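A.B. asks: take this sequence and fold it.
(chains A and B)
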Number of protein chains: 2
Amino acid sequence: MENRPLIMVVNDDGYNAPGIAALTKAMSEIGEVVVVAPKGAMSGMGHAITLNDTLRVDEVSVEGASKAYALSGTPVDCVKFGTKKVLKSKPDILVSGINHGSNASVNVIYSGTMSAALEGALEGIPSIGFSLCDHSIDADFTASAHFAKILTQKVLKDGLPNGTCLNVNIPKLDLDMIKGTKVARQCIAYWDEEFDERKDPMGKSYYWLTGKFMTNDMGEDTDEWALKNGYVSIVPVQSDFTNHGLLKNLEDNGYTKA
Amino acid sequence: MENRPLIMVVNDDGYNAPGIAALTKAMSEIGEVVVVAPKGAMSGMGHAITLNDTLRVDEVSVEGASKAYALSGTPVDCVKFGTKKVLKSKPDILVSGINHGSNASVNVIYSGTMSAALEGALEGIPSIGFSLCDHSIDADFTASAHFAKILTQKVLKDGLPNGTCLNVNIPKLDLDMIKGTKVARQCIAYWDEEFDERKDPMGKSYYWLTGKFMTNDMGEDTDEWALKNGYVSIVPVQSDFTNHGLLKNLEDNGYTKA
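C.D. replies: Okay, the predicted model is just below:
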């Protein structure tokens, strides 16, 4: 009998998003798939967890999955709940996505998709987040699913160091137009926000958060460069946020004091 | 006329938490203080931002602040809204906290307090997050306020590299029992979660997330070690999450493919 790996699929767009359907289908060709995903859209949730509220779970149906659950919590809650209450053991691999929209560069910090992958890595599970650089609901996930399958098989074979996951972004191109994959570093950038102010029917102000992506990082070793040049970008993302290069400098500048 | 620095104060426990009151009071002895904080408790919100909902703001009163605002969003929303809509320019420094509870080690990833500081760093503002290792609502913030004042003045003078903030944790000790400050790295750890299952009056299950802090990292250069040994820990936290040490290894293992 074939020994099929156990694959946990999560996302941040909700259990019924087209992206997770594409990922679940691709993963079902590799192993047994269990989906644990938020009930609704959880974009931009970062590494949020639910501390001040309760969690509810419903069994749902996702094509290609042997079991699927919709959780009232965040993407990171889904990883925790999935490993502890649904699987009761670690899956062989955790895949997150396929996100509708880029998680390259600084987006990794805000992304529920990537926080779920990082949570998997923290728990010692080889984990990958996949994102397609196309926000539209009817995005074509063909190329993304193709690379998700290849890279998942590779990580299942090679493993990843504890605490590090992969941030994989796929350019909005047809499969035969994609030049290949590139290991890259996170492009240094930030979002320059605007707040779109409107008035409600009572005349009171409310705001929508919008923003512009800003970067001066023109390096050809970044994920943004890879994507702009037709490559799938692969960034190893770590859960140790220490700026190790600055430790000595701070000590020398008197921040350590007896 | 004295040139007083402009200090933005945020937190994740809400504008009316004792910790932000202590921090605002301490900062008012250094400069002009503007508070932009969540309306309610936002612990564990990580780097979440509000994309699928609108934001509302109310002017409130916080002792020691020249202006104070309560925002319906997350801690990171507060930083964005504060710099763009309230101040309309960058403050000289951003301080976040004082958090009720430790944000040392892996807690930095889940912490709204620290995500707010990291957001400040991303926007090029020298930023520090302060947390007291005491969850109780009536915690004594005397020692924390003391170190917040010293370290804020130091960072105002020295600056910090773009994209890096400081994660400062204060042990639950009287000021005269604290041995000093230590620059440290983030202790490698994770939370081993449990889900406390209960039944609602209709007989349907719901869950509360709980967990145990787990670490095998016994290094004497970590924030956990510093705190356990009576020191204030100072970890430089960066917004580049790339595992740079792994880039070459992944390339050598065939992850870059033309």
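
A.B. asks: next structured bit after the helix ranked longest in chain A?
C.D. replies: The residue-count maximum for a helix in chain A (DSSP state H) belongs to helix A:142-158. Sequence order places strand A:164-170 as the next helix or strand after helix A:142-158, per DSSP states H and E.

A.B. asks: show me what the helix or strand following that next one packs onto, helices and strands only.
C.D. replies: Later in the chain than strand A:164-170, the nearest helix or strand by DSSP H and E is strand A:180-183. Under the contact criterion of 3 or more Cβ pairs under 8 Å, 6 or more residues apart in numbering or on different chains; DSSP states H and E, strand A:180-183 touches strand A:231-238, helix B:244-252. Every C-beta, even on glycine, is put in place using the N, C-alpha and C of the backbone.

A.B. asks: what's the local residue count around residue A:154?
C.D. replies: Residues contacting residue A:154 under the criterion other Cβ atoms under 10 Å in any protein chain shown number 15.

A.B. asks: quick one: the helices in chain A, in order.
C.D. replies: Under DSSP H, chain A gives helices at A:18-28, A:75-81, A:107-110, A:112-122, A:142-158, A:223-228, A:244-252.

A.B. asks: out of those, indicate the one that is most buried.
C.D. replies: Among these, helix A:112-122 has the highest mean neighbour count (mean count of other Cβ atoms under 10 Å in any protein chain shown), at a mean of 31.

A.B. asks: that one and chain B in contact?
C.D. replies: Yes: judged by Cβ under 8 Å from any Cβ of the partner chain, helix A:112-122 comes into contact with chain B through A:115, A:118, A:122.

A.B. asks: I'd like to know which elements that helix is packed against.
C.D. replies: Partner elements for helix A:112-122 (3+ Cβ pairs under 8 Å, 6+ apart): helix A:75-81, strand A:93-100, strand A:127-132, strand A:164-170, strand A:231-238.

A.B. asks: can you redo the ones you listed as JSON lines with mean pLDDT and distance to chain B?
C.D. replies: JSON lines is the format used below for those (pLDDT from 0 to 100; distance: least, Cβ to the nearest Cβ, whole Å):
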{"stretch": "helix A:75-81", "mean pLDDT": "95", "distance to chain B": "5"}
{"stretch": "strand A:93-100", "mean pLDDT": "97", "distance to chain B": "12"}
{"stretch": "strand A:127-132", "mean pLDDT": "98", "distance to chain B": "11"}
{"stretch": "strand A:164-170", "mean pLDDT": "98", "distance to chain B": "5"}
{"stretch": "strand A:231-238", "mean pLDDT": "98", "distance to chain B": "4"}
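
A.B. asks: make a markdown table out of those and add distance to residue A:250.
C.D. replies: Below are the helices and strands packed on helix A:112-122 laid out as a markdown table (distance: least, Cβ to Cβ, whole Å):
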| stretch | distance to residue A:250 |
| --- | --- |
| helix A:75-81 | 30 |
| strand A:93-100 | 34 |
| strand A:127-132 | 31 |
| strand A:164-170 | 25 |
| strand A:231-238 | 20 |
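
A.B. asks: still on that earlier bit, in CSV, list the residues of helix A:112-122 next to chain B along with pLDDT and distance to residue A:15.
C.D. replies: As requested, these are exported to CSV (pLDDT from 0 to 100; distance: Cβ to Cβ, whole Å):
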residue, pLDDT, distance to residue A:15
A:115, 95, 17
A:118, 97, 20
A:122, 95, 23
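
A.B. asks: closest to chain B out of these?
C.D. replies: Proximity of those to chain B (Cβ to the nearest Cβ) peaks at residue A:122, which lies at 4.6 Å.

A.B. asks: rewinding a little: could you export the longest helix of chain A as PDB, CA atoms only?
C.D. replies: C-alpha atoms of helix A:142-158 as PDB (Å, rounded to 0.1, in the frame of the first residue of the first chain):
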ATOM      1  CA  THR A 142      -3.400  26.800 -13.100                       C
ATOM      2  CA  ALA A 143       0.200  27.900 -12.900                       C
ATOM      3  CA  SER A 144       0.100  28.400  -9.100                       C
ATOM      4  CA  ALA A 145      -1.300  24.800  -8.600                       C
ATOM      5  CA  HIS A 146       1.400  23.500 -10.900                       C
ATOM      6  CA  PHE A 147       4.200  25.100  -8.800                       C
ATOM      7  CA  ALA A 148       2.500  24.300  -5.500                       C
ATOM      8  CA  LYS A 149       2.500  20.600  -6.400                       C
ATOM      9  CA  ILE A 150       6.200  20.600  -7.400                       C
ATOM     10  CA  LEU A 151       7.400  22.600  -4.400                       C
ATOM     11  CA  THR A 152       5.300  20.600  -1.900                       C
ATOM     12  CA  GLN A 153       6.700  17.400  -3.100                       C
ATOM     13  CA  LYS A 154      10.200  18.800  -2.900                       C
ATOM     14  CA  VAL A 155       9.800  20.100   0.700                       C
ATOM     15  CA  LEU A 156       8.200  16.700   1.700                       C
ATOM     16  CA  LYS A 157      11.400  15.100   0.500                       C
ATOM     17  CA  ASP A 158      14.000  17.700   1.700                       C
END
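
A.B. asks: please enumerate residues in contact with it?
C.D. replies: By Cβ atoms under 8 Å, 6 or more residues apart in numbering or on different chains, the list of residues contacting helix A:142-158 from outside reads A:5, A:7, A:19, A:22-23, A:25-27, A:29-30, A:92-93, A:95, A:97-98, A:126, A:128, A:130, A:132, A:166, A:168, A:170, A:173-175, A:178, A:181, A:232, A:234, B:253-255.

A.B. asks: now do residue A:229 against chain B, distance only.
C.D. replies: As defined by Cβ to the nearest Cβ, to the nearest Å, residue A:229 lies at a distance of 12 Å from chain B.
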